[in-house]
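Enquirer: can't give you the sequence, but here's the structure:
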């Protein structure tokens, strides 16, 4: 798996997940529950992972929608 997005904005993770799902690319979010450790401040970034074979396409889709790629 490769990281395609890293952000502290949970709405951006949700938007990117739905964009990629619409193109048939499965995603796996990491560090979703890390806010428990930082006191729910949202300072720890979440990561969105995709399969190695889908990384190039996923990055292109996110770039086309003006989402910064990791």
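Expert: Received, thanks. Model, not experiment: these values are computed from the prediction.
Enquirer: And for residue 48, the neighbour number?
Expert: Using other C-beta atoms under 10 Å, residue 48 has 25 neighbouring residues. All C-beta atoms are positioned from the backbone trio N, CA, C, and that covers glycine.
Enquirer: same deal with residue 5?
Expert: Using other C-beta under 10 Å, the number of residues around residue 5 comes to 26.
Enquirer: Equivalent analysis for residue 26, please.
Expert: The local packing of residue 26 (other C-beta under 10 Å) involves 12 other residues.
Enquirer: Which residue is the nearest non-sequential neighbour of it?
Expert: Leaving aside its sequence neighbours, residue 26 sits nearest to residue 51 (C-beta to C-beta, 6 or more residues apart in numbering; 6.7 Å).
Enquirer: same question, residue 32
Expert: Distances taken as C-beta to C-beta, 6+ apart place residue 46 nearest to residue 32, at 5.8 Å, with adjacent residues excluded.
Enquirer: Which strand residues bridge that neighbour?
Expert: residue 7 (DSSP bridges).
Enquirer: re earlier: pLDDT score for the residue nearest to residue 26?
Expert: Residue 51 carries a pLDDT value of 97.
Enquirer: contacting residues around it?
Expert: Residue 51 sits next to 1, 2, 25, 26 when contact means C-beta atoms under 8 Å, 6 or more residues apart in numbering.
Enquirer: Of those residues - the most surrounded one?
Expert: The most crowded member of these, judged by other C-beta under 10 Å, is residue 25 (18 neighbours).
Enquirer: what's the distance between that residue and residue 43?
Expert: 28 Å (C-beta to C-beta, to the nearest Å).
Enquirer: Please give the element, helix or strand, for residue 48.
Expert: According to DSSP states H and E, residue 48 maps onto strand 46-50.
Enquirer: Quick one: mean pLDDT over the helix or strand following that strand.
Expert: Downstream of strand 46-50, the next assigned helix or strand under DSSP H and E is helix 55-64. Averaged across helix 55-64, the pLDDT comes to 97.
Enquirer: pretty sure residue 4 is in a strand, no?
Expert: Yes: membership of residue 4 in a strand is supported by DSSP: H, G, I helix; E, B strand; the rest coil.
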